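Visitor: Turn this into a model:
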Amino acid sequence: MSLEPSTPPEAAPPPPAEIPPAAAEPVASSPAPAAAPGKPRKSHKQKFWDAAKTLTLIVSMIINVILIAAVFILANQVGAIKMTLNSVLGQLDSAFEGLGQAVIKDTIRINQQVPVRFDLPLMQDTVVTTRSPVPISTQATFSLGQFGSINGTVSLQLPAGTQLPVHLELTVPVSNSIPVVFDQPVSIPLAERGLAPVVAKLRAALAPIIDIVDQMPDRFVIIPQ
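Guide: Below you'll find the predicted structure:
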């Protein structure tokens, strides 16, 4: 039996050194979701203001759309508007001018009682007729010629129907009402009765507006920027 040198046994590998927990590789893991904080509820006042803001934005958008549409319509219709304004203003100016030259002509019916009071002087000769016997008694002088004269009283009576010439000289007061009925034509020129200055002021106030309308363009051209 041969003796072979025996090979020494293999040395066992040393045990792995322990890795401290701090140096250990972090294990990949999904982060835990953070707890969402609770949302505070909106108060009624905040809700009201939010609704008011929203309503204001909507109204503002509607007004802007209306204004833009109105601008486009006016841009297309400005010629017709200018023509209409010129016609209306021209008619007004002509009406004011005609008013200053107008003359009112009419017939006024007069029918009323007019009181009359005055003194009427009478101086004239006339003949009066007695309606009944008129006694007359007066002093008279009777001439006896060469024998002298005799004074005495004469009494007589004028029969009814006797015509006597008399001279009237007196003042008669008159107080009465008389009817006045007639048609009186009238013609009143308004300019001469104080209307001319008013018409001149109206036309002067209208003249600047007519000039502004005349200077308006016949149409607007919108140039995109």
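
Visitor: low pLDDT regions in the chain?
Guide: 1-42, 75-76, 219-225 (pLDDT under 70).

Visitor: Let's check: the centremost residue of it is which one?
Guide: With distances taken as CA atoms, centre = their mean, the residue of the chain nearest its centroid is L202 (13.8 Å).

Visitor: After the longest helix along the chain, which helix or strand is next?
Guide: Using DSSP state H, we find that the single longest helix of the chain is helix 44-101. For helix 44-101, the following helix or strand on the C-terminal side (DSSP states H and E) is strand 103-129.

Visitor: List the strands paired with the helix or strand just after that following strand, with their directions.
Guide: Helices and strands here follow DSSP H and E; after strand 103-129, the next one along the chain is strand 134-143. Next to strand 134-143 in the sheet, as set by DSSP bridges, lie strand 149-158 (antiparallel).

Visitor: Following element in sequence after the partner strand, please.
Guide: Using DSSP H and E, the first helix or strand after strand 149-158 is strand 163-189.

Visitor: now the residue lying closest to P217 once chain neighbours are set aside: how far from V213?
Guide: Counting by CB to CB, 6 or more residues apart in numbering, V78 is the residue found nearest to P217 once chain neighbours are left out, at 6.8 Å. From N, CA and C alone the C-beta is placed, and that goes for glycine too. Distance of V78 to V213, computed by CB to CB, to the nearest Å: 11 Å.

Visitor: And I136, by the same measure?
Guide: In terms of CB to CB, I136 sits 100 Å off from V213.

Visitor: same check, this time on I150
Guide: Distance from I150 to V213, by CB to CB: 115 Å.

Visitor: which of the two has more neighbours?
Guide: Set I150 next to V213 and count neighbours by other CB atoms under 10 Å: V213 wins out with 17 against 10.

Visitor: Name the residues of stretch 173-188 that come out as buried.
Guide: Using 16 or more other CB atoms under 10 Å as the test for burial, stretch 173-188 gives no buried residues.

Visitor: and that stretch, how far out from the chain's middle?
Guide: 40 Å (CA atoms, centre = their mean, to the nearest Å).

Visitor: ok, I209 - how many residues close by?
Guide: 13.

Visitor: just V199 next, same as before
Guide: Neighbours of V199 using other CB under 10 Å come to 19.

Visitor: Packing partners of the helix or strand hosting it?
Guide: In this structure, V199 sits in helix 196-215 according to DSSP H and E. Here helix 196-215 touches helix 44-101, going by 3 or more CB pairs under 8 Å, 6 or more residues apart in numbering; DSSP states H and E.

Visitor: still on that earlier bit, now for the residue nearest to the centre of the chain: which residues touch it?
Guide: Neighbouring residues of L202 by CB atoms under 8 Å, 6 or more residues apart in numbering: F96.

Visitor: Please shift the residue numbers so they start at 526 in all later answers.
Guide: Will do, 526 is the new start, and the previous item becomes L727.

Visitor: The longest helix of the chain relative to helix 721-740, how many degrees between them?
Guide: In terms of direction (axes from the mean of the first three to the mean of the last three CA atoms, to 10 degrees), helix 569-626 departs from helix 721-740 by 120 degrees.
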